[in-house]
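Participant: got a sequence here, can you build the structure:
(chains A and B)
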Amino acid sequence: MQLVLEKRAERSTLIAVTSPLIAVALTLITFAILFAIMGKNPIEALYVYFIEPLTDPFTLQEIAVKATPLVMIAVGLALCYIANIWNIGAEGQFIVGAVCGSWLAVRTNGTDVGPWLLPVMLLLGAIGGALYGLIPAICRVYFGASEILTSLMLVYIANLGLDYMVRGPWRDPQGLNFPTTAAFDPAASIGTLFEGTGRLHAGSIIALFVVMLIAVLLGRTLMGFQIRLVGAAPRAARFSGFNADRLVLFSFAVSGALAGLAGIIEVAGPIGHLDPGVPSGYGFTAIIVAFLGRLNPIGILIAGLFLALTFIGGEGAQISLKVPLDLTKVFQGILLFYVLACDSMIVYRIRLLRTQKRVVPVHA
Amino acid sequence: MLETLSNIFHLIFSESFILTVVTASTPLLLASSGELVVERSGVLNLGVEGMMIVGAACGFAGTFWSGSTLVGALCGILAGAMLSAIFGILTLGLAVNQVATGLALTIFGVGLSGLIGAQFVGERIVPAAHLYLPVLTGIPGIGRIVFGEDPFVYVSIALIIGIWLFLYRTRAGLVLRAVGDNHASAHALGYPVLRLRMLAVLFGGACAGLAGAYLPLAYTPFFIPGMTSGRGWIALALVVFASWRPGRLVVGAYLFGAVSILGLALQPLQLGIPQQVMNMLPYLATVVVLVLISRTRGTAGSAAPASLGMVFVPDR
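Facilitator: I've put the predicted structure just below:
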């Protein structure tokens, strides 16, 4: 007997809809087994991870706070991935956005400059992220260099650049020698929405707006059509005269801008200053979010909230179950494996073949 | 100015600098050797970084508990191969996109290594012993460089020579290259495309695991989370740099090894360049080299295996 993969005659609509749910269910089962092996009660562990954060208004807000950058970055990445463009350097674009926006906050620290400050910071963040995202795009379009490797290398460069800025020129003189900028002025910060109950901030509303914007872009515009066509049928797209190079530049610029915007929102919102700990892997987790959301903006919104839940649940589990924080990353990695495997089942199916003597067909 | 240049010159040709270059280059060479075979079979495994970092954690664990470098190295090899098996099952068995799966493998590996390695942070092991040959190792200038390295260095050189012989001097190597260049034709000729690719993927994983294990076993005698710091990605770039050829891979690995420690080596000279900028060098160099290499080659005359990264589901 032998298992073989076989192409379905048609895409399975049923699996296309349920694949993320199946993947999540399989991940939960895997994790329950893993917890049992580690000697923890699996039911209790799953409760701590996935239910407990939902029972408290403060942690509910925390989930939205975590989901905000994840969703914003992931919808941008989805744009790229649909068109088979591999931007995996969102973490770098996030950092550069945070740094560019912070430049203004640092320069104007302690002065009263007016209400334009915060909007301009956000704009600078988006521009910085877009320009940084354009580097791998230009390297690919004009020189043919793989955008996968260049965009990733730029993450390390951005990280070191951030480290230099906060240890060097922007270090807070009153910061007791810690590598951090001074805390941003209230005018340069995104306030919380419900004072005193949690950290939910206006950035989450921007994220919702971005989701709608990208949904419209993908579903209702010519650019969105081109992106989907290039991904689904690159040859057809070439014959119809679409400019694939322009698409690469466009998707990188948009996803870079969104990652950069997410970066400055994170710094001006929940964090409130710039330090080397600002990049915390959102750019990489967003890759999982994009795939779990099946590269669909609304799906990504749900997937982002779910991944945020695992972060908050993981923090809770670290305290109450004494499991390491890295378990969350392992969980997310396993989830991505299952998501990809389930997605494959939309197009293929597995069949069990009974081993039999091969009959050689005789043709005249 | 002239004095600074002469200082740099002296430093670069000093015995200690060359010795560090060799240690910095060896993990790059090991990881990229494995990936070269994988890519020659037509598979793009972007999970090198993930396999390396798990190899580092498991390698450290092996040596920490057994006290033997060999056991640690074997643990690293096994860990890398097991991780690559996940990749193989998904991409070859279930025809999942290779780029996405490779990324997943790296994300998973980074988490897993943190999980395994957390208990070892702050612990130390005895680093791998260096070769010592009477008389030969004592030759001034080149003795220690040629006859006084750690065992991994010799393994990495033997490995790449073995890969060259396999690819260009054996029938199996020829078949492997055929599979990478045109999987449909290879399949039509009756070669087991998926089985060969699986073996290549496992070999690549083993090499990446060994490369990762090298870091805590010989490079620094302790484990730090994220200690591979992008070496797996640089190894991937090296395969492109080498145009998928073993000979050029050696040159590339040593070149990048040298660039990656240049920042640290130049630190005592007080050049007035921020340390962070110096540390950017290997990553900047990778981008620049990729751009230059891809530019001169163009897309038409690409040296990449023609089926690289493509999904293959055999007809029955």
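
Participant: name the residues of the biggest helix by length in chain B that come out as buried.
Facilitator: Secondary structure assigned by DSSP state H gives helix B:15-40 as the longest helix of chain B. Within helix B:15-40, the residues that count as buried by 16 or more other C-beta atoms under 10 Å in any protein chain shown are B:17-40. All C-beta atoms are positioned from the backbone trio N, CA, C, and that covers glycine.

Participant: which of those residues are close to chain A?
Facilitator: Near chain A, judged by C-beta under 8 Å from any C-beta of the partner chain, there are no entries from those.

Participant: just the pLDDT at B:V121, thanks.
Facilitator: Note on B:V121: pLDDT of 88.

Participant: and the one 10 residues further on, by the same measure?
Facilitator: What the model reports for B:L131 is a pLDDT of 84.

Participant: what's the local residue count around it?
Facilitator: Residue neighbour count, defined by other C-beta atoms under 10 Å in any protein chain shown, stands at 15 for B:L131.

Participant: am I right that it sits in a strand?
Facilitator: No. The assignment for B:L131 by DSSP: H, G, I helix; E, B strand; the rest coil gives coil, which leaves it out of any strand.

Participant: next up, phi/psi of it, please.
Facilitator: phi -60, psi 140 (degrees, to the nearest 10).

Participant: roughly how far apart are it and B:P216?
Facilitator: 20 Å (C-beta to C-beta, to the nearest Å).

Participant: try A:F225
Facilitator: For A:F225 relative to B:P216 (C-beta to C-beta), the value is 51 Å.

Participant: compare these two (neighbour count), which wins?
Facilitator: For the pair A:F225 and B:P216, the greater number of neighbours falls to B:P216 (31 against 14), based on other C-beta under 10 Å.

Participant: check what pLDDT the closest residue to the more buried one other than its chain neighbours gets.
Facilitator: Nearest residue to B:P216, sequence neighbours excluded (C-beta to C-beta, 6 or more residues apart in numbering or on different chains): B:F60, at 4.1 Å. At B:F60, the model reports a pLDDT of 96.

Participant: can you pull the buried residues of the host helix or strand of B:F60?
Facilitator: Remark: B:F60 resides in helix B:48-66, with elements defined by DSSP states H and E. If you call a residue buried by 16+ other C-beta under 10 Å, then helix B:48-66 has these buried ones: B:48-64.

Participant: try stretch B:166-182
Facilitator: Those would be B:F166, B:L167, B:G173, B:V175, B:L176, B:R177, B:A178, B:V179, B:G180, B:D181, B:N182, for stretch B:166-182 by 16+ other C-beta under 10 Å.

Participant: can you put those in CSV and add secondary structure and pLDDT?
Facilitator: Output for the buried residues of stretch B:166-182, formatted as CSV (DSSP: H, G, I helix; E, B strand; the rest coil; pLDDT from 0 to 100):
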residue, secondary structure, pLDDT
B:F166, helix, 97
B:L167, helix, 96
B:G173, helix, 96
B:V175, helix, 96
B:L176, helix, 96
B:R177, helix, 95
B:A178, helix, 95
B:V179, helix, 95
B:G180, helix, 95
B:D181, helix, 94
B:N182, coil, 94
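
Participant: rebuild the residues you listed as JSON lines, extending it with distance to A:M38.
Facilitator: As requested, these are exported to JSON lines (distance: C-beta to C-beta, whole Å):
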{"residue": "B:F166", "distance to A:M38": "42"}
{"residue": "B:L167", "distance to A:M38": "43"}
{"residue": "B:G173", "distance to A:M38": "44"}
{"residue": "B:V175", "distance to A:M38": "44"}
{"residue": "B:L176", "distance to A:M38": "40"}
{"residue": "B:R177", "distance to A:M38": "45"}
{"residue": "B:A178", "distance to A:M38": "46"}
{"residue": "B:V179", "distance to A:M38": "41"}
{"residue": "B:G180", "distance to A:M38": "41"}
{"residue": "B:D181", "distance to A:M38": "46"}
{"residue": "B:N182", "distance to A:M38": "47"}
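
Participant: JSON lines please, covering those residues and showing distance to chain A.
Facilitator: Listed next are the buried residues of stretch B:166-182 as JSON lines, based on distance: C-beta to the nearest C-beta, whole Å:
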{"residue": "B:F166", "distance to chain A": "26"}
{"residue": "B:L167", "distance to chain A": "22"}
{"residue": "B:G173", "distance to chain A": "25"}
{"residue": "B:V175", "distance to chain A": "21"}
{"residue": "B:L176", "distance to chain A": "22"}
{"residue": "B:R177", "distance to chain A": "21"}
{"residue": "B:A178", "distance to chain A": "22"}
{"residue": "B:V179", "distance to chain A": "17"}
{"residue": "B:G180", "distance to chain A": "17"}
{"residue": "B:D181", "distance to chain A": "19"}
{"residue": "B:N182", "distance to chain A": "18"}
